[in-house]
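>>> can you look at this prediction? I've put the sequence above it.
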Amino acid sequence: MAKPAIKVHIQHHGNMMCDYKWLLVNAEWLASKSNPNPPSTWGPCPTHTVVVDHPDGRLLFDTTCPRDWQQHWKNAAAQNWFPYEDVAPEQYFEERLKQLKLDPSDFKYVALSHLHLDHAGNLRTFRNTDIRILVHQKEYQGAISIPGEVQGFHLKRDYMVDGLRWVQLTEDTEIMEGVRLFEAPGHTWGTMCLMVDLPNTGTIIFTSDAAYMRESYGPPPVGAAIVWDSLGWLNSVERIRSFANMRDATIIFGHDPKQIKEIRLAPEAFYD
Ligand SMILES: [Zn+2]
């Protein structure tokens, strides 16, 4: 049977800035007796979203950071650790959608890899619509249970808003033919990856923060400072690898400053 005519648009929304030591435990970056003042590892941390055009409906994977981050991230340490300030006006979430001639109401599903503030930052846009907001049940339950308004990168005002039509997933799920969300916990309670089977490209896996960058993936996987469950995170990298090997998949990492320059980006280009 012919595969459904699916198209995938990767939208780059500019970069946060951060110390890469958060994302990669790399011994060369640490001070030592022979190298007490290692060079700075402060640099751009790209953020992207994915639009999947499918004959049965359109899906958005993640919602990146909000344009009003300085106000919205008030009281969140991310303001200082991961400032979203290396971004051109045309890279903001709502501008990118316009470039694809899309309105938020054009989506059937919004899938969240997890609820961190650089992934759920524009979820508010989908209030009071019929759009299904897909999230892993463990992520949702964990995120609404944090004490206070903010814990680490979970910010309640991103996701505890009225008028969102949540669907909580409890296992790997095929959303539409050839479009799957699979469990990859560790970075957070219920992180999920997106896997799409395209007619020409083959399979693409979007890891989100289950693998921040190519160096995180390895082999061997290289762990990070921002991980809720380190052993779970390592197991999830191997889970991604087994899917990828089975399908000879292309892997798009969550925050890879090198890879973002090498891939086809919206609105000029897409994968099909
Ligand atoms: Zn992230």
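Ah, there it is.
>>> just the helices in this structure please.
Using DSSP state H, the helices of the chain run over residues 69-72, 78-81, 93-99, 137-144, 156-159, 214-217, 230-247.
>>> compute the distance between the residue nearest to the spatial centre of the chain and residue 148, please.
Geometric centre of the chain, nearest residue: residue 208, 3.7 Å, by C-alpha atoms, centre = their mean. Distance from residue 208 to residue 148, counting by C-beta to C-beta, to the nearest Å: 25 Å. Placement of C-beta: from N, CA and C, glycine included.
>>> ok so, going back, which non-adjacent residue is nearest the residue nearest to the centre of the chain?
residue 113 (3.3 Å; C-beta to C-beta, 6 or more residues apart in numbering).
>>> now that neighbour. Its backbone dihedrals?
phi -60, psi -40 (degrees, to the nearest 10).
>>> who's in contact with it?
Neighbouring residues of residue 113 by C-beta atoms under 8 Å, 6 or more residues apart in numbering: 61, 62, 119, 191, 192, 193, 194, 206, 208, 209, 210, 254.
>>> looking at those residues, spot the one nearest the ion.
residue 209 (4.4 Å; C-beta to the ion).
>>> surely that closest one touches residue 115?
No. The criterion here is C-beta atoms under 8 Å, and residue 209 misses it with residue 115 at 11.2 Å.
>>> overlap in contacts of these two?
Common neighbours of residue 209 and residue 115 (C-beta under 8 Å, 6+ apart) are residue 188.
>>> pLDDT at the residue of the stretch 1-150 of the chain at minimum distance from the ion, what is it?
The nearest approach of the stretch 1-150 of the chain to the ion comes at residue 118, 4.5 Å away (C-beta to the ion). You'll see residue 118 listed with a pLDDT of 98.
>>> please apply the same query to residue 26.
Residue-level pLDDT assigned to residue 26 equals 86.
>>> contacting residues for the closest residue to it other than its chain neighbours?
Spatial nearest neighbour of residue 26, chain neighbours left out: residue 222 (7.0 Å); criterion: C-beta to C-beta, 6+ apart. By C-beta under 8 Å, 6+ apart, the contact list for residue 222 reads 24, 25, 26, 215, 216.
>>> gap between the closest residue in space to the second one that isn't next to it in sequence and the ion?
Sequence neighbours aside, residue 223 is the residue nearest to residue 25 in space, at 5.1 Å (criterion: C-beta to C-beta, 6+ apart). Note on residue 223: its distance to the ion, by C-beta to the ion, to the nearest Å, is 15 Å.
>>> what about residue 223, how many neighbours?
For residue 223, the neighbour count with other C-beta atoms under 10 Å is 17.
>>> contacts only, for it.
25, 216, 230, 233, 234.
>>> my guess is the third one contacts residue 187. True?
No. Under the criterion of C-beta under 8 Å, residue 230 makes no contact with residue 187, lying 10.0 Å away.
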